[in-house]
Structures are given as structure tokens and as C-alpha cells.
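[1] need the 3D shape of this:
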Amino acid sequence: MSIPETQMDRRILDRNIRSGVVSEKQLKTYLAALPDKASESEPIVMGDAENGSDSQKDAE
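    Predicted coordinates:
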């Protein structure tokens, strides 16, 4: 049985596992089938490491 992708949403996944909507086995199968997109990723720069500022403080 295939689980809808919406049931695997990280924000509700723990609740779905606790309530039995999604089993641990189904989660492992789903995660194993996800494609590896690491080569397509880009780093996120959060601030200037040289002077210790971060982007939220800079925005204020």
C-alpha cells in the first residue's frame, strides 16, 4: 500500500507514526526511495563569519 506524500510531511510525520497512519517500515521504505540530490545543493551563508554578524541582526 502506497502512503500519500502528504502523510510523510516532516511537520506531521511523528504524529502519523504515533497514530498508526504511517509505520516505521513504510517510513524507511519511503526514505530509501528518495533520490540523492546532494550534488545539486548549494551552501547557505547565514552571516559574516569574519566579524560575527548574522543576517537577522543585519536586517534590523
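
[2] only C-alpha atoms from now on, for both contacts and neighbour counts.
    Fine.

[3] and residue 36, which of the three is it?
    Residue 36 falls in the coil class when you classify it by DSSP: H, G, I helix; E, B strand; the rest coil.

[4] actually residue 26, not the one I typed
    Taking three-state DSSP as the rule, one finds residue 26 in the helix state.

[5] against residue 5, how distant is residue 15?
    Going from residue 15 to residue 5 by C-alpha to C-alpha, to the nearest Å gives 15 Å.

[6] the two: who's more crowded?
    residue 15 (13 against 8; other C-alpha atoms under 10 Å).

[7] what stretches of this structure score poorly on pLDDT?
    1, 49-60 (pLDDT under 70).

[8] tell me how far the residue most central in space within the chain lies from residue 4.
    Among the residues of the chain, residue 10 comes closest to the average C-alpha position under C-alpha atoms, centre = their mean, at 6.2 Å. According to C-alpha to C-alpha, residue 10 stands 13 Å off from residue 4.

[9] would you map the strands across the protein?
    Assignment of strands within the chain using DSSP state E yields the ranges 47-48, 53-54.

[10] which residues does stretch 23-42 contact?
    Contacting residues not belonging to stretch 23-42 are listed as 3, 8, 17 [C-alpha atoms under 8 Å, 6 or more residues apart in numbering].

[11] I'd like to know how many residues surround the first one.
    Just to be clear, that refers to residue 3. Counted with other C-alpha under 10 Å, the burial measure for residue 3 works out to 13 neighbours.

[12] wait, it touches residue 20, no?
    No: Residue 3 is beyond contact range of residue 20, at 11.9 Å (criterion: C-alpha atoms under 8 Å).

[13] what comes up buried for stretch 10-22?
    Residues of stretch 10-22 classed as buried under the neighbour-count rule (16 or more other C-alpha atoms under 10 Å) are 13, 16, 17, 22.

[14] wait, what's in contact with the third one?
    Spelled out, that is residue 17. If a contact means C-alpha under 8 Å, 6+ apart, then residue 17 has 23, 24 as its contacts.
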